[in-house]
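Asks: can you look at this prediction? I've put the sequence above it.
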Amino acid sequence: MGLLELARRRRSVRSFSSDPVEVHGILYAIEVALEAPSGANQQPWEFIIVSDPEIKGRIREACERAERDFYERVRGELAEWLSEKGLSWRKPFLTEAPHLIAVFAMMGRPYSVQSTWIAIGYLLLALEEVGLASLTYTPPNPREIGEILGAPSEAVLQTIIPVGKERGRKPKERRYSLEEKVHIDTWGGSLTQREPLPWTPS
């Protein structure tokens, strides 16, 4: 399967089945992520695979407590948007998914956050390749989650990725087209001619 097809197939999943998932596919996906480029080749990322139900429960409790505080404060258009999307402070996927991947960036290294998120992009596509559903969830209290997981102070949580099998089948939300997002030479420069898709590298 080509990379474009993988990217088009991948969706953010918030509802996971209880089916067990072998860790081998996750380790493969992390190995792919380790090949990502990074500032000064510092490779400033660290990964914790969390499978213990008790630890997942502590993470969910801490995240939901912080999320509840946020949702109680939010007003206006953002509140309406969250309601329309069916989002709330409840995060059941943190305990439903058989595994969580906590991804940390090591601060004090060149472009540590940017580099780590490039690796996360690699990781998401690799999880899709092995047939595992995923979600990037960034809690409002990353330091607290880092403490639960025993991370050092210089390691800052970037995201928690629940991994497992999807419950049901969620449609993928619309993506913008090349014509809507690509500019030629200057901002607003129209993309008027291109090779027809599908196109595959030679």
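Replies: Ah, there it is.
Asks: residues contacting Lys91?
Replies: By CB atoms under 8 Å, 6 or more residues apart in numbering, Lys91 lies in contact with 60, 63-64, 67, 137. (C-beta placed from N, C-alpha, C; glycine too.)
Asks: okay, and which of those residues map to helices?
Replies: Members of these lying in helices (criterion: DSSP state H): 60, 63-64, 67.
Asks: any of the residues you listed buried? List them.
Replies: Listed as buried from these are 60, 63-64, 67; burial here means 16 or more other CB atoms under 10 Å.
Asks: one step back: what is the lowest-pLDDT residue among the contacts of Lys91?
Replies: Ranked by pLDDT, the contacts of Lys91 bottom out at Glu67 (90).
Asks: isn't it right up against Tyr137?
Replies: No: proximity of Glu67 to Tyr137 does not meet the contact threshold set by CB atoms under 8 Å, at 10.0 Å.
Asks: show me which residues of whichever helix or strand Val113 is part of are buried.
Replies: Counting by DSSP states H and E, the element that carries Val113 is helix 112-129. The neighbour-count criterion (16+ other CB under 10 Å) identifies 112, 115-120, 122-129 as the buried residues of helix 112-129.
Asks: give me the residues contacting it.
Replies: Identification of contacts with helix 112-129 by CB under 8 Å, 6+ apart yields 1, 3, 6-7, 9-10, 25-26, 28-39, 42-45, 101, 103-106, 109, 133-134, 136, 156, 158-159, 161, 163.
Asks: what's the next secondary structure element after it?
Replies: Using DSSP H and E, the helix or strand that follows helix 112-129 in sequence is strand 133-134.
Asks: now the closest residue to His99 other than its chain neighbours: which helix or strand?
Replies: Residue nearest to His99 in three dimensions, not counting chain neighbours: Val163, with 4.7 Å by CB to CB, 6 or more residues apart in numbering. Per DSSP H and E: Val163 is located in strand 155-164.
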